[in-house]
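In: sequence-free structure coming up:
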């Protein structure tokens, strides 16, 4: 695609970085070779700023903003790594771990999970908050796949890949705050969702073990995240 | 010279973390030279001694007895280390937490019994309503997650702690 947007410069960690109008801070930073941690971002999908891991300090005041949904502006100054940001990112991961039942040792995605890897890379060795241990459902109705709400972090990658790439829009998120939950169609069992094409993009896009192929044992569920991101980048492509 | 005192305690876990400790290979010989193991499922001591330098805690706190033992450990240890995922997140023992305790006991001891269905109440520790991680009961100085933690991670942490130093943050992961 030919870019017709205006060439601008922003500062990342104090260093001038060339970029273009219309890009997000996350895109500009990654193109400049920087790494910003993300969970809800997936290449090719519209960004929603759900996980908040990509928060950066913007401007002189250090206001916090998600890099994935904040557009660059001429002269913008961004701090993407600082002790304060590292602490907030650890806090976010700890809150995610405390919110539902993430039992890595018995998970199909053990050792292949983006949340688990994120905790390790941020140095989260324990959670300072009391675990909630909520009673959450597992929907086994679908013949090939399973959704386990215990492991869901509400990143909405399944919702977006289904709506934006497959064009089916089976998934949505209902409820508010702590009661939010991914649902298929009008909150009915997955098997009864007539719009589902059984393509499995949601399963492969899911960063944790919340969506998985049936019959996988512990550690056996390796996601084809890159393949889905590639398909998402070329909208309409089939897996 | 007196060697530092090391202790380990096994709460609600599968003993896999203790197995990982034993899995140090020749490292266990150097550890034995650097510390006295004064209390552990691996030694005979019946009472948790005073003045312990480092105690490794395996397992979640699932019963009143677990909680009482953990409090004694904390009071008598300079450094308390949560060893493994059960002692960090609750892990597998905490999988019962989504159900009321009465439902669990009913399922296991009444519905699950082939003969004499009765919920045991005499001579066994009173279960808590939920299995919870030790840090919700006492101060934990270091968490070594993993199911089990890697033997080298245990050894690396112990070597620093036994010499009174804080271990460098190592690459750790749950699961």
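Out: Perfect, thanks for sending it. Just so you know, these numbers come straight off a predicted model, no measurement behind them.

In: residue contacts, residue A:62?
Out: A:79, A:84 (CB atoms under 8 Å, 6 or more residues apart in numbering or on different chains). (Glycine included, C-beta is placed from N, CA and C.)

In: what does chain A put close to chain B?
Out: A:97, A:101-107, A:110-111, A:113, A:116-117, A:119-120, A:123, A:125-128, A:130-131, A:133-136 (CB under 8 Å from any CB of the partner chain).

In: could you rerun that using 6 Å?
Out: A:104, A:105, A:110, A:116, A:120, A:123, A:125, A:126, A:131, A:133, A:135 (CB under 6 Å from any CB of the partner chain).

In: need the residues that contact stretch B:37-55.
Out: Counting contacts by CB atoms under 6 Å, 6 or more residues apart in numbering or on different chains, the residues outside stretch B:37-55 that touch it are B:4-8, B:10, B:72-73, B:76-80, B:161.

In: again, but for stretch B:109-118
Out: residue B:119.

In: let's go with 10 Å and repeat that
Out: Residues from elsewhere that reach stretch B:109-118 (CB atoms under 10 Å, 6 or more residues apart in numbering or on different chains): B:106, B:108, B:119, B:120.

In: state the pair within the residues of chain A next to chain B that is farthest apart.
Out: A:123 and A:135 (30.6 Å; CB to CB).

In: helices and strands around the helix or strand where residue B:30 lies, which ones?
Out: Secondary structure from DSSP states H and E places residue B:30 in helix B:27-34. The helices and strands touching helix B:27-34, judged by 3 or more CB pairs under 10 Å, 6 or more residues apart in numbering or on different chains; DSSP states H and E, are strand B:5-10, helix B:16-22, helix B:151-162.

In: and the longest one, how far from the chain's centre?
Out: The chain centre lies 16 Å from the centre of helix B:151-162; the measure is CA atoms, centre = their mean, to the nearest Å.

In: let me see the mean pLDDT of that helix.
Out: Throughout helix B:151-162, pLDDT has a mean value of 94.

In: buried residues, that helix. List them.
Out: Across helix B:151-162, burial judged by 16 or more other CB atoms under 10 Å in any protein chain shown covers B:151, B:153, B:154, B:155, B:156, B:157, B:158, B:159, B:160, B:161, B:162.

In: which of the residues in the helix or strand of chain A with the lowest mean pLDDT are buried?
Out: The helix or strand of chain A with the lowest confidence, counting by mean pLDDT, DSSP states H and E, is helix A:225-233 at a mean of 90. For helix A:225-233, the neighbour count (16+ other CB under 10 Å) marks A:225, A:228, A:229, A:231, A:232 as buried.

In: where in chain A is pLDDT low?
Out: Chain A contains residues with pLDDT under 70 at A:1-3, A:235-239.

In: biggest helix in it by residues?
Out: Across chain A, the longest stretch assigned as helix under DSSP state H is helix A:83-99.

In: ok, and the closest non-adjacent residue to residue A:224?
Out: Leaving out its chain neighbours, the residue that sits closest to residue A:224 by CB to CB, 6 or more residues apart in numbering or on different chains is residue A:204, at 4.4 Å.

In: wait, that neighbour sits on residue A:166?
Out: No. Using CB atoms under 10 Å, residue A:204 is not in contact with residue A:166, being 11.2 Å away.

In: which strands or helices does the longest helix of chain A pack on?
Out: Counting by 3+ CB pairs under 10 Å, 6+ apart, helix A:83-99 packs on strand A:55-58, strand A:63-66, helix A:114-121.

In: just how off-centre is it within its chain?
Out: Taking CA atoms, centre = their mean, one finds helix A:83-99 lying 15 Å from the centre of the chain it belongs to.

In: which residues are in contact with the closest residue in space to residue B:126 that isn't next to it in sequence?
Out: In this structure, residue B:126 finds its nearest non-sequential neighbour in residue B:64, 4.7 Å apart by CB to CB, 6+ apart. Contact analysis of residue B:64 by CB under 10 Å, 6+ apart lists B:125, B:126, B:127, B:128.

In: circling back: higher neighbour count, residue A:123 and residue A:135?
Out: Of the pair residue A:123 and residue A:135, residue A:123 is the one with more neighbours under other CB atoms under 10 Å in any protein chain shown, namely 14 against 11.

In: residue A:26 should be in a strand, yeah?
Out: No. Under DSSP: H, G, I helix; E, B strand; the rest coil, residue A:26 sits outside any strand and is assigned helix.

In: how many other residues sit next to the closest residue to it other than its chain neighbours?
Out: Distances taken as CB to CB, 6+ apart place residue A:67 nearest to residue A:26, at 4.0 Å, with adjacent residues excluded. A total of 28 residues lie near residue A:67 under the criterion other CB under 10 Å.
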